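Colleague: structure of the sequence below:
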Amino acid sequence: MKKKIALIFGVTGQDGAYLSRFLLKKGYTVHGVKRRSSSLNTQRIDHIYQDPYSKKRNFILHYGDVTDTLSVSTIVKKIKPDEIYNLAAQSHVAVSFEVPEYTGNADAIGALRILESIKFHGLEKKTKFYQAGTSEMFGKVLQVPQNELTSFNPKSPYGVAKVYAHWITVNYREAYNIFASNGILFNHESPLRGETFVTKKVVKALCNIKFGKQKKLFVGNLNAKRDWGHAEDYVQAMWKMLQFKRPDDFVICTGKQYSIRDFIKMVSKVLGMKLRWTGKGINEKAFDENNRCIVECRKKYFRPAEVDTLIGDASKAKKLLKWKPKHNIHSLIKDMISYELDIHKNDK
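Modeller: Just a heads-up that it's a prediction; the model follows:
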């Protein structure tokens, strides 16, 4: 049986790393696209080269960028993949307010460039396409919980750009009969999460505070509620979408939500840190057993337009894709903490 070939844009990110490992275990040849950088940006995937599944050169990297039409087109033409996963994005919501044009170029037009390459090179009948959507497209939610029929109401340049990518994927599916599916993924975390994202920021900071390497954790809206899952579960859903008998759109989530405050409490509990909370709003703080303030709110970490609550309904994916998450919030937190504690142990 001929090996399947997958092409991953955004291979150096959290999802790219987990998806690469998953596909290699499935027997795929995996091609990944990474941006040229003067500093190393492959830390999340370096271990894959030592993986037994990639010893026979089943994992190949290419320089490219979804903001560069020629590189996208050249790579797609050269590889002619069976499956393309578009995970490339400027994915930080707060940063998207600072660089809205770049966010639109990468997150919205980037998807268009890939779809147009599939069409231009006559790969409509060969190549399946996965577009990484986000719960941020729902923004200021119009119904609870959110599913595939919920109207989008984005409240950030990131969310707006992803809405465009979603609908251009639907458009190319209907206009050119491309097998193109959207995954509307709610927040998903892991030990490989970037350090500017709130879950990683919280876990890393509280571990540092516990070991005396940091004095305080600064956060924004403690009341914001999110539906958090594990990236390892969610990349399997991506793959299942492209194995389904027809292209479609699927919400992927746990169906449970917790506030930022809840997340901090759960992390501190695992670390054996007892917190005492005082104040409200911007003045809310948390103190440790020695009465030291270790968690404090800062206005600069609030978004220009807040998204207060996101919680999904993955009934469609569970029924049609036979997908369900293996991790819950507690196993996710333990996984992330274990990773940070190993770092502290190695530092010693």
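
Colleague: right, and Lys128 touches Glu83 too?
Modeller: Yes - contact criterion C-beta atoms under 8 Å: Lys128 and Glu83 qualify, at 4.9 Å. C-betas here are computed from N, CA, C, even on glycine.

Colleague: intersection of neighbour lists for those two?
Modeller: Leu242 (C-beta atoms under 8 Å, 6 or more residues apart in numbering).

Colleague: for stretch 248-257, list every residue counted as buried.
Modeller: Asp248, Asp249, Phe250, Val251, Ile252, Cys253, Thr254, Gly255, Gln257 (16 or more other C-beta atoms under 10 Å).

Colleague: please apply the same query to stretch 297-306.
Modeller: So for stretch 297-306, counting by 16+ other C-beta under 10 Å, buried means Cys297.

Colleague: run through who's touching it.
Modeller: By C-beta under 8 Å, 6+ apart, stretch 297-306 touches 93-94, 97, 140, 155-156, 218-222, 224, 281-285.

Colleague: how about a cut-off of 7 Å?
Modeller: Residues outside stretch 297-306 that contact it (C-beta atoms under 7 Å, 6 or more residues apart in numbering) are 93-94, 97, 155-156, 218-222, 224, 282, 284.

Colleague: what is the rounded mean pLDDT of it?
Modeller: In this model, stretch 297-306 has an average pLDDT of 86.

Colleague: what's the end-to-end length of it?
Modeller: End-to-end distance of stretch 297-306: 15 Å, with C-alpha to C-alpha, to the nearest Å as the criterion.

Colleague: can you show me the strands along the stretch 201-348 of the chain?
Modeller: 217-219, 225-226, 229-230, 249-252, 258-259, 276-278, 285-287, 293-297 (DSSP state E, counting those that start in this stretch).

Colleague: distance between stretch 115-132 and the chain's centre?
Modeller: 22 Å (C-alpha atoms, centre = their mean, to the nearest Å).

Colleague: average pLDDT across it?
Modeller: Mean predicted lDDT for stretch 115-132 stands at 98.

Colleague: for stretch 47-59, same thing?
Modeller: pLDDT averaged over stretch 47-59 gives 68.

Colleague: and the end-to-end length of it?
Modeller: 11 Å.
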